[in-house]
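> Got a predicted structure here, sequence first:
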Amino acid sequence: MKQRYSCWLAQTLFCCFVLLNFGFATNAAAQTVVPPCGLTASVDGSPSSQPTGCSPTSTGPFTISSQEPITLVPNPNAMFATPLPSTVTSHIAVAGGPYLSSSATMIAAQLSFAASGLRGVLNWQQAAVGADQQVPKYYGQSTDPVYQLTSCPPYTPPPGTLNTPFHLASGARFSAGGADRFLAVWDQTNNNIFALYAPSMSAIPACPGGGHAGTASDPCQIALASPSACGKSNFYSTTANTPNDGGWATGGILPPNGLIRMQEVVSGHIYHALYLDIACSSQTTVFPNSTGSTANWCANEGNVNSNGMPNGALIFLDYTTAQLADIKTKVPAWQYPFLEALTVYGGYFQDTGAIGSSGGIYPSRAESEVAYNVAGIATPHPAGFTNFFSWLASQAHSNCSIISPSGGYKCNLAVFENVPAEPNNIGGSGTDIASHMHVADQCVAKAQAGVSGGCP
């Protein structure tokens, strides 16, 4: 799976959670939002069930073996945690300005670029398989050594990223191989979140070490080798993007917005927008892109930029409450949370893969198994299974297989395949998922973020 910085290597610089939001909104199809724990009212007045595995909100500290509830998401008052407005289908992108084509044209083109005709493929695999390009998420504890980043060239990170101490387990490992290696840590002592991208590193140096004690007054040093990137945010941040490269997204989205946790998928709900990759961009940008970087252009892939999307584009599904309820009875348990999240919150295009070798439009930034392996515990899973991946493999359309000689599972989750036909909601005749997928005008994202230029 070609990601942001493998793309950067190939194309140079051109290519590459603690308040809850109770302001529930719905798209134009009167979508019911399942509320966080303790609430029972839905936007259309009908009763709503509690999330599977719902637990009361806690303030932590959290650990990898005792995680935050799925209703507690990063930047809870920012755009990724804000449900789409009821008017979203009144603001579908049309050709003009940064949108080189209409929403329908962009969606059709990108889905047609999917490898082997499998749309929306998220590659999720066990670390032993290798080339795991997902994101290990660590929970820094007060008992962990203290580190600080000193450099992450060639990009300028967000203010406060360098030389700011944070707690992290000694020798924490990056994702396991491939062209991209990621690591994220949520420091439980102050709620700061750091993201690191370093394709040449397999682990953080041991601490104490290198002449440093690993204390607040003498933190161990982390110098990333180029090409690399790093960024800092805070769980309480009220903004989701930065004008600097934050080690997380080509378009400047702050970490860990959009990260898909295993616990969310197992529990059946994702209460935030998704981080999306597409095959190629239009060489233009829209809000919330704040870096000006467009990632890989369609023209670089031998196609035309008018088949691309602006980096930062908000993509959403328009399913109604009744349609989602019907879909839930007809798709496997792993698949429904993605479809619900894209209907309620949408997803933001932040990076590119390539034509014919990715899912066309597909979720990215999923949680890696690596941090669980470091902690010596199993990944989240329902009773009766040994880990998250054996649970995935037990279900239809997960495209999981055991890879020799590692013995680990590799799953190609085609999120947009095998979804039942549903009546069109915007006046057309199509019933396939493609006819329910749209690009929203950037005024929607601006309204979500509370900045000027938002839709009325």
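Alright, I've got the coordinates. Numbering: from 1, shown residues only.
> any idea how far the closest residue to residue 273 other than its chain neighbours lies from residue 270?
In this structure, residue 273 finds its nearest non-sequential neighbour in residue 345, 4.0 Å apart by Cβ to Cβ, 6 or more residues apart in numbering. (Each C-beta comes from the backbone N, C-alpha and C, glycine too.) As for residue 345, its distance to residue 270 is 8 Å (criterion: Cβ to Cβ, to the nearest Å).
> The stretch 151-300 of the chain: helices as residue ranges?
Here the stretch 151-300 of the chain has its helices, by DSSP state H, counting those that start in this stretch, at 262-267.
> And the strands in it?
Applying DSSP state E, counting those that start in this stretch to the stretch 151-300 of the chain gives strands spanning 166-167, 182-187, 192-197, 220-223, 229-234, 274-278, 281-285.
> Export those strands to JSON lines and append columns for mean neighbour count and distance to residue 327.
Below are those laid out as JSON lines (neighbours: other Cβ atoms under 10 Å; distance: least, Cβ to Cβ, whole Å):
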{"stretch": "strand 166-167", "mean neighbour count": "22", "distance to residue 327": "41"}
{"stretch": "strand 182-187", "mean neighbour count": "26", "distance to residue 327": "31"}
{"stretch": "strand 192-197", "mean neighbour count": "27", "distance to residue 327": "33"}
{"stretch": "strand 220-223", "mean neighbour count": "19", "distance to residue 327": "44"}
{"stretch": "strand 229-234", "mean neighbour count": "26", "distance to residue 327": "33"}
{"stretch": "strand 274-278", "mean neighbour count": "27", "distance to residue 327": "17"}
{"stretch": "strand 281-285", "mean neighbour count": "24", "distance to residue 327": "29"}
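> can you redo those strands as a markdown table with mean pLDDT and distance to residue 420?
Compiled in a markdown table, these are given as follows (pLDDT from 0 to 100; distance: least, Cβ to Cβ, whole Å):
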| stretch | mean pLDDT | distance to residue 420 |
| --- | --- | --- |
| strand 166-167 | 98 | 46 |
| strand 182-187 | 97 | 34 |
| strand 192-197 | 96 | 37 |
| strand 220-223 | 98 | 48 |
| strand 229-234 | 94 | 38 |
| strand 274-278 | 96 | 21 |
| strand 281-285 | 97 | 31 |
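> any chance of the ones you listed in JSON lines, plus distance to residue 323?
As requested, these are exported to JSON lines (distance: least, Cβ to Cβ, whole Å):
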{"stretch": "strand 166-167", "distance to residue 323": "44"}
{"stretch": "strand 182-187", "distance to residue 323": "34"}
{"stretch": "strand 192-197", "distance to residue 323": "35"}
{"stretch": "strand 220-223", "distance to residue 323": "48"}
{"stretch": "strand 229-234", "distance to residue 323": "35"}
{"stretch": "strand 274-278", "distance to residue 323": "19"}
{"stretch": "strand 281-285", "distance to residue 323": "30"}
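> now for those strands, which one comes closest to residue 112?
strand 274-278 (11.6 Å; Cβ to Cβ).
> Pairing partners for that closest one, with directions?
Strand 274-278 pairs in its sheet with strand 347-352 (parallel), strand 361-363 (antiparallel), by DSSP bridges.
> thinking again about what came up before, so which of the strands of the stretch 151-300 of the chain is nearest residue 151?
When the strands of the stretch 151-300 of the chain are ranked by proximity to residue 151 (Cβ to Cβ), strand 220-223 comes first, at 4.8 Å.
> Off-centre distance for that closest one?
Strand 220-223 has its C-alpha centroid displaced from the chain centroid by 27 Å (Cα atoms, centre = their mean, to the nearest Å).
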